[in-house]
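Q: Sequence and predicted structure, then a few things I'm wondering about:
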Amino acid sequence: MKQFWKKLLLVVLAFLAVNGWLIGKGAAKGAASFLGSAAFEETLLFVLLQAAVLAVCFVQPPEHKGARIALLCISEILVAVTVIFWGFVIVGPIWLN
């Protein structure tokens with residue numbers, strides 16, 4: 001169970017890092033994007049968050065099946081919240097602009 005909490009902490013830290021980056025970009029109001037367009041930068045952050053979540057969940061997963069399922073579900077919910085909130089709610093569909 002200790003392994004579950006450590007992995008969950010890693011997922012939450014990745015979630016907070018991506019959201020912190022996006023909040024910082026939003027607070028900068030019109031600051032130049034480091035990676036070209038804002039859509040590319042946000043998409044890259046979403047992909048990196050998903051990759052981090054999958055790495056945490058599948059590299060030495062918790063031994064208990066319930067803990068594995070709970071970790072994966074919580075992690076994917078955090079990724080989905082990030083993508084929906086930043087990709088659709090805040091700036092509209094960034095990929096259609």
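A: Structure received.
Q: contacts and neighbour counts: CA atoms only from here.
A: OK.
Q: Buried residues, the helix ranked longest in the chain. List them.
A: Longest helix in the chain by number of residues, with DSSP state H as the criterion: helix 2-28. Applying a neighbour-count criterion of 16 or more other CA atoms under 10 Å, one finds 4, 7, 8, 10, 11, 12, 14, 15, 18, 19, 22, 25 buried in helix 2-28.
Q: Which secondary structure elements does that helix sit against?
A: helix 38-58, helix 65-84 (3 or more CA pairs under 8 Å, 6 or more residues apart in numbering; DSSP states H and E).
Q: of those, which approaches residue 92 most closely?
A: helix 65-84 (9.6 Å; CA to CA).
Q: how about that closest one: buried residues?
A: Buried residues in helix 65-84, counted by 16+ other CA under 10 Å: 67, 71, 72, 75, 76, 78, 79, 82, 83.
Q: Just the pLDDT for the fourth one.
A: At residue 75 the predicted local confidence, pLDDT, stands at 94.
Q: try the third one
A: Taken from the predicted model, the pLDDT recorded for residue 72 is 92.
Q: With the last one instead?
A: As predicted, residue 83 sits at a pLDDT of 89.
Q: Report the contact partners of the closest residue to it other than its chain neighbours.
A: Leaving aside its sequence neighbours, residue 83 sits nearest to residue 46 (CA to CA, 6 or more residues apart in numbering; 6.5 Å). Residue 46 sits next to 18, 79, 82, 83 when contact means CA atoms under 8 Å, 6 or more residues apart in numbering.
Q: go with 10 Å
A: 15, 18, 19, 40, 52, 79, 80, 82, 83, 86, 87 (CA atoms under 10 Å, 6 or more residues apart in numbering).
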